[in-house]
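Student: Using only what follows, build the 3D model:
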Amino acid sequence: MKIAISIWNGFVSNVFDFADQLLIVDIEDQGEVGRSEFQLGKQAIQQRTGQLTELNVDVLICGGISQSLASMLAASNIEVIPFVTGPVDEVLNAYFSNRLAEPQFLQPGSQVGARKRFCRERQRRCRHRHPGSRSRNRAT
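Tutor: Numbers count the residues shown, from 1 in each chain. Predicted structure coming up:
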């Protein structure tokens, strides 16, 4: 499994649509086995989606993200966990221990239920546009 985190200066970047850098974390058996950084640069949302797909990313953890980009990622079977803030290592630890819903990891200006509403709405739209779509089964 691969997790991508949009980063800036050791923290989760504020908006994925404009982020320049990703941290890619390889996971096996709920533990980290490797890290690498990837430069995104300036590119259209289709290119961002394509790059995450080519990198075999399963989960994207980010700050804000546009609904259109989130929908494209969802259509590519990449789970998006938006509205996250904090130092990268603390966010990773929270992800592994299922604590990302705690208030200290919620991006300022986001409401407590914003992440859940965002994910529910994205899932509803994705099911409407892609009925019968299944999660991808990729070897890690």
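
Student: Can you tell me which residue is spatially central in this protein?
Tutor: Leu60 (1.7 Å; CA atoms, centre = their mean).

Student: ok, now which ones touch that residue?
Tutor: Neighbour list for Leu60: Ile3, Ala4, Ile5, Ser6, Phe16, Leu52, Leu73, Ile78, Glu79, Val80, Ile81 [criterion: CB atoms under 8 Å, 6 or more residues apart in numbering]. Backbone N, C-alpha and C define where each C-beta goes, glycine included.

Student: right, and out of those residues, which lies closest to Leu40?
Tutor: Nearest to Leu40, judged by CB to CB, of the contacts of Leu60 is Ser6 at 8.1 Å.

Student: For that closest one, what are phi and psi?
Tutor: phi -70, psi 130 (degrees, to the nearest 10).

Student: what about the nearest residue to Gln30 once chain neighbours are set aside, neighbour count?
Tutor: Using CB to CB, 6 or more residues apart in numbering and skipping residues adjacent in sequence, the residue nearest Gln30 is Phe96, 6.1 Å away. The number of residues packed near Phe96 is 15, by other CB atoms under 10 Å.

Student: Phi, psi for Phe96 please.
Tutor: phi -60, psi -30.
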